[in-house]
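Undergrad: Need coordinates for the below:
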Amino acid sequence: MEKRHDMKKKLILISIPVFLSGFAAFAQTDIAATPPMGWMTWNMFGGDINGFLLREMADAMVASGMADAEYEYIIIDDLWQGERDSSGVLQPDPAKFPRGMKSLADYVHERGLKLGIYSDAAVHTCAGATGSYGYEEVDARTWAVWGIDYVKYDYCGAPAAADLAFIRYKRMSDALKATGRPILFAVCEWGVRKPWLWAADAGGHIWRMSWDIRDTWDHGRFDAGHAGIVNILDRMPGLEACAGPGRWNDPDMLVAGLQGRGQSSNANGAAGCSVTEYEAQMSLWCLLSAPLIASCDLRNMDADTKRILTNPEAIAIDQDPLGRQAARVYQADGIEVWKKALIDDETAIGVLNRADTAREVTLSWRDLALSGIQKIRDVWLHRRLGITDSVYTLTVQPHQVRLLVLEPDPE
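TA: Here you go, the predicted model:
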């Protein structure tokens, strides 16, 4: 694990000379060299947000160890907006953010974190607040002045056609780039128009490929109100070729710690997951090189939630600088095997049991296209399981993911 973190630091150092030459020269490809990590307001709080809450979340991200685990973005979702002034400049809701957004950004930055904000490519947002259509340049300049580092750009109320979506997203991306401030641009059109095929060309660094996640393991179907962990997972096979440094498929937020209490995430009967299921989502999202965006209340995480969200070995898989998204290489009888290449010829393997009973699974190096002796490490047990050159058998509990790292043994 140490080796992968060292490589990530090398990539960051390589981009520093570009950054020091000024914002205007900052290469957009240097943004999101690994999947972004942070926290977002929507699942837990919906529109019940304010500047005090965001400051508390920034403090909690540092105090809880989340920041030490590389989480860095505090992201404000919908319903922060007030009205536009006589010059067309959008103001934050004065009741929610009486000190303004610049003050909040300064507070977040002083703690070594970054601030994200939300808007929509239409006149109104998904929740009916003021959107950015027709004001792209004004809003981009405003956010840059405030010190915004991340923009989540939704698509409610916008035209259905993919070519028009491309135009609207590129218009905002171009406006953000023109400010000279390095801002991560998150395309959020829910995968309806296959953004993995065009969002990077429109300037996106990440793009949602699913409807909003709900706090449940399996919602039974997949649509705008029903999208559990495995329902979204089923949309990921085949998308691995579209992901890499600076361009990531986003299966939406982590739900660990919500426990059925979220304002948005508990819709349509989603009543929370078990600890095993929350751990499984973290494993799968790390294999998928997904953005790791927590959504629970960081101020009162229990021990399991903190353990899941801050597991350094799992995070190292997600943040591996090769930037390879895992592929599903086996699926039968409720068992799935996912494989992800890592630096130094290491391999991450996830064994998912979707069944309701425990299963024994035998991994074959031949079937996994591996050769030679492999050291086997369990990422959640934090210990080596064995060394073998052929097969390894393990037990997988219901709805569990056994997350392994295989390291070649030159001897």
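Undergrad: just the helices in the stretch 101-250 of the chain please.
TA: 136-146, 162-178, 229-233 (DSSP state H, counting those that start in this stretch).
Undergrad: Please identify the most buried of the ones you listed.
TA: Burial among the helices of the stretch 101-250 of the chain, expressed as mean neighbours by mean count of other CB atoms under 10 Å, is greatest for helix 229-233, which shows a mean of 23. In short, each C-beta sits where N, CA and C put it, glycine included.
Undergrad: rewinding a little: out of the helices of the stretch 101-250 of the chain, nearest to Tyr153?
TA: Tyr153 sits nearest to helix 162-178 of all those, at 5.8 Å, using CB to CB.
Undergrad: and the closest one, what other elements does it pack with?
TA: Secondary-structure packing of helix 162-178 (3 or more CB pairs under 8 Å, 6 or more residues apart in numbering; DSSP states H and E): helix 136-146, strand 150-154, strand 184-187.
Undergrad: okay, the angle between that helix and strand 150-154?
TA: Relative orientation of helix 162-178 with respect to strand 150-154: 160 degrees, computed using axes from the mean of the first three to the mean of the last three CA atoms, to 10 degrees.
Undergrad: For stretch 37-50, give the distance from the opening residue to the closing one.
TA: Counting by CA to CA, to the nearest Å, the length from the leading to the trailing residue of stretch 37-50 is 22 Å.
Undergrad: And that stretch, what's buried?
TA: Using 16 or more other CB atoms under 10 Å as the burial criterion, the residues of stretch 37-50 that qualify are 37-47, 49-50.
Undergrad: Just give the nearest non-adjacent residue to Cys296, would you?
TA: If the residues on either side of it in the chain are set aside, Cys296 comes closest to Gly257, at 3.0 Å by CB to CB, 6 or more residues apart in numbering.
Undergrad: wait, isn't the one you found in contact with Ala303?
TA: No: Gly257 sits out of contact with Ala303 when judged by CB atoms under 8 Å, with a separation of 10.7 Å.
Undergrad: Give me the local confidence score for the residue nearest to Cys296.
TA: Gly257 is assigned 98 on the pLDDT scale.
Undergrad: What of Gln319?
TA: Gln319 is assigned a predicted lDDT (pLDDT) of 98.
Undergrad: Quick check: closest non-adjacent residue to it.
TA: Distance criterion CB to CB, 6+ apart; nearest residue to Gln319, sequence neighbours excluded, is Thr34 at 4.5 Å.
Undergrad: For that neighbour, what are phi and psi?
TA: For Thr34, the backbone dihedrals (degrees, to the nearest 10) come out as phi -120, psi 160.
Undergrad: neighbour count winner among Gly257 and Ala303?
TA: With other CB atoms under 10 Å as the criterion, Gly257 and Ala303 differ in neighbour count, and Gly257 comes out ahead with 27 against 7.
Undergrad: Need the three-state assignment for that one.
TA: Here Gly257 is coil, with the state taken from DSSP: H, G, I helix; E, B strand; the rest coil.
Undergrad: Please name the residues that touch it.
TA: Taking CB atoms under 8 Å, 6 or more residues apart in numbering as the criterion, Gly257 is in contact with 278, 294, 296-297, 301-302, 305, 308-309.
Undergrad: Then Gly65?
TA: Taking CB under 8 Å, 6+ apart as the criterion, Gly65 is in contact with 306, 310.
Undergrad: Do you know the pLDDT at it?
TA: In this prediction Gly65 is given a pLDDT of 98.
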